[in-house]
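**Student:** prediction below, plus the sequence it came from.
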Amino acid sequence: MASSATMSVLAVVLLVLEVAQPSRADTACYSRLFSFGDSLADTGNYRFVFPNDTASPGLHLPYGETFFHHATGRCSNGRLVVDFIAHALGLPFVTPYWSGKSVEDFAHGANFAVAGATALSPEFFWERDYAAAEADTVHLDQEMDWFRDLLDLLCPSDLSDCADIMNKSLFLVGEIGGNDYNYPLQSFMPFEMIRSFTLNVVDKISSTITASRFNLIGLGAKTLIVPGNLPIGCIPVYLMAYKSDKTEEYEPETGCIRWLNEFSQYHNKILMDELEKLQKLHPNVSIIYADYYAAAMKIFVSPKHFGIEDPLEACCGGIGPYGVSLSARCGLGEYKVCDDPQNHGSWDGVHPTEAIYEAIANGLLRGSYTKPPISTTTNSCGRHTEIFSSVEYNVIYNM
């Protein structure tokens, strides 16, 4: 007969396996995940959309070094929020739309996000004398066009045949809109002009969610998560570009630039108000605001609680203030890479590290950073609203 110690070890192993492997009943919660957005969500579309841009740093190591051990097209050292959400739902990594070819490739959904994407079209910026907007910039209307093309593939006879797919899918609409501000901010456009774009950006997100039978709710989406913007005043490239000797321009508790973070909050407040209006118009649909800002700020306020030693310094970049410089950036020029990316808040001076993405996802799925709380709208998901620790991830993926 086995000893009590052996039986105890076996019981622990079985418990770990039960937690790590969602049951078939659990996996019925959402059968697919569809994602839209920019580099905060792109899992590999950029290289297909811009095949001639082979020098893009995100297509080469050290990008992807921490988890995948090779570059995947993600603008980080590892996984993104969308990856952690997919795992929590018992789904595999979501297929980048442009890498799939058949219905089978999209059995668990598709990701339409592209690095550099904007909510608004280049024409919007040209009309406002921002000539630097590039004509081939991907924008939200294009991503929706691709989604409708995919529905034609999945339901070739009649789009109404996709009703079950739409009903059982989770839609992650963003983050999107950050680049509508980033591009002009990096060009030092007058701030009041940039701020005036916000209503247009939020209107575009809103019209993508609803507005007509050709957009998400009109096509049958029942559960949508819509993230707000991150605290851009904590991004190293802005900390360097807008460096000031005036202490009042910085938040004393974080060292982030106050006015840039206030701008992120301004965008997020308008977005939240718009989502509340949409929810009242569509009471049978769950529209969930994901508070990326608050989830990230908790890390910047108490970085050591999350194992972060350098919240405002890029792990991979140039030798300069905040780990960024004009002469080098991650993957290009004389760049440096830190020993442990998980100790840093920023990966490349623009994008968060995997550690930050995991903490944000954890805050959304287990914490209070969704409105309404995600647990009240996804009751059938059972324990899928749990994010496993990084130790559990390592054990599972190294098997």
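**Tutor:** Received it, and whenever you're ready, just let me know what you need. Model, not experiment: these values are computed from the prediction.

**Student:** let me see the ranges of the strands in the chain.
**Tutor:** In the chain, the strands defined using DSSP state E lie at 32-36, 109-111, 169-173, 223-227, 286-290, 310-314, 316-317, 336-337, 344-346, 370-371.

**Student:** TSV please, covering the ones you listed and showing distance to D53 and mean pLDDT.
**Tutor:** (Glycine included, C-beta is placed from N, CA and C.) Listed next are those as TSV, based on distance: least, Cβ to Cβ, whole Å; pLDDT from 0 to 100:
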stretch	distance to D53	mean pLDDT
strand 32-36	21	98
strand 109-111	19	98
strand 169-173	25	98
strand 223-227	26	97
strand 286-290	30	97
strand 310-314	22	97
strand 316-317	19	97
strand 336-337	22	96
strand 344-346	23	98
strand 370-371	35	95
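
**Student:** among those, which is the most enclosed?
**Tutor:** Of all those, strand 316-317 has the most neighbours on average by mean count of other Cβ atoms under 10 Å, namely a mean of 28.

**Student:** thinking again about what came up before, and the strands of the chain as CSV, adding distance to F300?
**Tutor:** What follows is these, written out as CSV (distance: least, Cβ to Cβ, whole Å):
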stretch, distance to F300
strand 32-36, 25
strand 109-111, 27
strand 169-173, 23
strand 223-227, 17
strand 286-290, 17
strand 310-314, 5
strand 316-317, 18
strand 336-337, 22
strand 344-346, 7
strand 370-371, 19
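
**Student:** let's see the distance spanning stretch 105-114 from one end to the other.
**Tutor:** Taking Cα to Cα, to the nearest Å, the first and last residues of stretch 105-114 lie 18 Å apart.

**Student:** not counting sequence-adjacent ones, nearest residue to G228?
**Tutor:** Nearest residue to G228, sequence neighbours excluded (Cβ to Cβ, 6 or more residues apart in numbering): N268, at 3.7 Å.

**Student:** now do the contacts for that neighbour.
**Tutor:** N268 makes contact with 228-229, 291, 293 under the criterion Cβ atoms under 8 Å, 6 or more residues apart in numbering.

**Student:** same thing with R213?
**Tutor:** L219.

**Student:** same check, this time on A113
**Tutor:** 35-43, 45, 82, 143, 176 are the contacts of A113 under Cβ under 8 Å, 6+ apart.

**Student:** in the contacts of N268, find the pair that's most separated.
**Tutor:** Taking Cβ to Cβ, the two most distant members of the contacts of N268 are N229 and D291; they sit 10.2 Å apart.

**Student:** looking at the two, which one has more neighbours?
**Tutor:** Neighbours around N229 and D291, counted as other Cβ atoms under 10 Å, are more numerous at N229. The numbers are 26 against 20.

**Student:** from Y292, how far off is the more buried one?
**Tutor:** Distance, N229 to Y292, using Cβ to Cβ, to the nearest Å: 7 Å.

**Student:** do the same with A133
**Tutor:** A133 sits 24 Å away from Y292, going by Cβ to Cβ.

**Student:** more neighbours, the two?
**Tutor:** Taking other Cβ under 10 Å, A133 and Y292 do not tie; Y292 has more neighbours (27 against 21).

**Student:** the more buried one reaches P227, doesn't it?
**Tutor:** Yes. Between Y292 and P227 there is a contact at 4.8 Å, judged by Cβ atoms under 8 Å.

**Student:** between these two, which contacts overlap?
**Tutor:** Shared contacts of Y292 and P227, defined by Cβ under 8 Å, 6+ apart, are found at 81, 175.

**Student:** re earlier: and which of the contacts of A113 is nearest G220?
**Tutor:** Using Cβ to Cβ, those come closest to G220 at F36, 16.0 Å.

**Student:** I'd say that closest one and E175 touch.
**Tutor:** No. The pair F36 / E175 is not scored as a contact, 9.5 Å apart, by Cβ under 8 Å.

**Student:** OK, contacts around D152?
**Tutor:** With Cβ under 8 Å, 6+ apart, D152 has these contacts: L159.

**Student:** what do you get for I319?
**Tutor:** I319 neighbours (Cβ under 8 Å, 6+ apart): 325, 328, 334, 336.

**Student:** distance of it from P372?
**Tutor:** I319 is 46 Å from P372, by Cβ to Cβ.

**Student:** which of the contacts of I319 are buried, as a ChimeraX select command?
**Tutor:** Buried residues within the contacts of I319, by 16 or more other Cβ atoms under 10 Å, are selected in ChimeraX with:
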select :325,328
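
**Student:** which among the contacts of I319 gets closest to V138?
**Tutor:** Nearest to V138 among the contacts of I319, with distances taken as Cβ to Cβ, is A328, at 26.6 Å.

**Student:** which residue, other than its chain neighbours, is closest to that closest one?
**Tutor:** The shortest distance from A328 to any residue other than its chain neighbours is 3.9 Å, reached at G318 (Cβ to Cβ, 6+ apart).

**Student:** now do D348
**Tutor:** In this structure, D348 finds its nearest non-sequential neighbour in C330, 3.7 Å apart by Cβ to Cβ, 6+ apart.

**Student:** and for the one you found, the neighbour number?
**Tutor:** Counted with other Cβ under 10 Å, C330 comes out at 28.

**Student:** and the gap between T43 and L153?
**Tutor:** Relative to L153, and taking Cβ to Cβ, T43 is found at 19 Å.

**Student:** could you do C75 as well?
**Tutor:** 27 Å.

**Student:** of those two, give the one with the bigger neighbour count.
**Tutor:** Using other Cβ under 10 Å as the criterion, C75 and L153 rank with C75 on top: 26 against 14.

**Student:** wait, doesn't that one sit right on G349?
**Tutor:** No. In this structure C75 lies outside contact range of G349 using Cβ under 8 Å: 11.0 Å.

**Student:** ok, of the contacts of A113, which come out buried?
**Tutor:** 35-43, 45, 82, 143, 176.

**Student:** which residues sit in contact with the closest residue to N284 other than its chain neighbours?
**Tutor:** Excluding its sequence neighbours, the residue lying closest to N284 (Cβ to Cβ, 6+ apart) is K222, at 7.5 Å. By Cβ under 8 Å, 6+ apart, the residues touching K222 are 166-167, 169, 284-286.
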